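>>> quick check, what structure comes out for this input:
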Amino acid sequence: VVYHLPEDVVHASVCFFSDDWGISSTTLDLHYRYELPGGMYLKPNVRLYNQSAADFYRHSLVDGVDVNTGTKAVGLTHASSDMRLADMQSTTIGLKFGMPIGEGDEAGEFSVRVAKMVQTGESSPADAIGVQRNYDMYPSLEATTFQVNYSFLF
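A predicted model of the protein is given here:
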């Protein structure tokens, strides 16, 4: 949804996703473009993301136990401990500043953006085994991005 206020613009979106691996996710994204004098603008944004684990995600394996049924079994099918396939949540908060450069055919835009993302998951799962209970099984991840952009018509 994009809504144009008398001066500013609000952009909100929701995305639902699911796949045949059993992952489902929801993303909420909100941007607000606040107009400043001279064509400059500030654009804060917030993004919230929530994801369920893949059917075959396991933080650990027990010898002789089928990863799909949790019962004693001879064979092993599919399993992964890749944290990107686990239950997780992330929050991103950012701010962009933009300003026009030039006029007419020489028009362009210069912008600078900074954003911080924090991703978290289940640090102490109930089914952790032995010494795993002493460790953070899903350490939080933080990333800061800084972008400088210049765009122009050609």
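>>> please, where are all the strands along the chain?
Using DSSP state E, the strands found in the chain span residues 2-4, 9-18, 24-35, 41-51, 88-101, 108-121, 141-152.
>>> for residue 81, which of these is the nearest?
Nearest to residue 81, of all those, is strand 108-121, at 12.0 Å by Cβ to Cβ. Every C-beta, even on glycine, is put in place using the N, C-alpha and C of the backbone.
>>> what mean pLDDT does the closest one get?
The pLDDT scores in strand 108-121 average 95.
>>> then that strand to CSV, C-alphas only?
Presented in CSV, the C-alpha positions along strand 108-121 are these (Å, rounded to 0.1, in the frame of the first residue of the first chain):
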residue,chain,number,x,y,z
GLY,A,108,20.1,13.3,-10.6
GLU,A,109,19.8,12.3,-7.0
PHE,A,110,22.4,11.8,-4.2
SER,A,111,21.4,9.7,-1.2
VAL,A,112,22.9,8.2,1.9
ARG,A,113,21.3,5.4,3.9
VAL,A,114,22.2,3.6,7.2
ALA,A,115,20.4,0.6,8.6
LYS,A,116,20.9,-1.8,11.4
MET,A,117,19.5,-5.4,11.3
VAL,A,118,19.3,-7.7,14.4
GLN,A,119,18.5,-11.4,13.8
THR,A,120,17.6,-13.8,16.7
GLY,A,121,16.5,-17.4,17.1
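>>> tell me what it is packed against?
Judged by 3 or more Cβ pairs under 8 Å, 6 or more residues apart in numbering; DSSP states H and E, strand 108-121 is in contact with strand 88-101, strand 141-152.
>>> and the first one, how far out from the chain middle?
Using Cα atoms, centre = their mean, to the nearest Å, the mean C-alpha position of strand 88-101 is found 13 Å from that of the whole chain.
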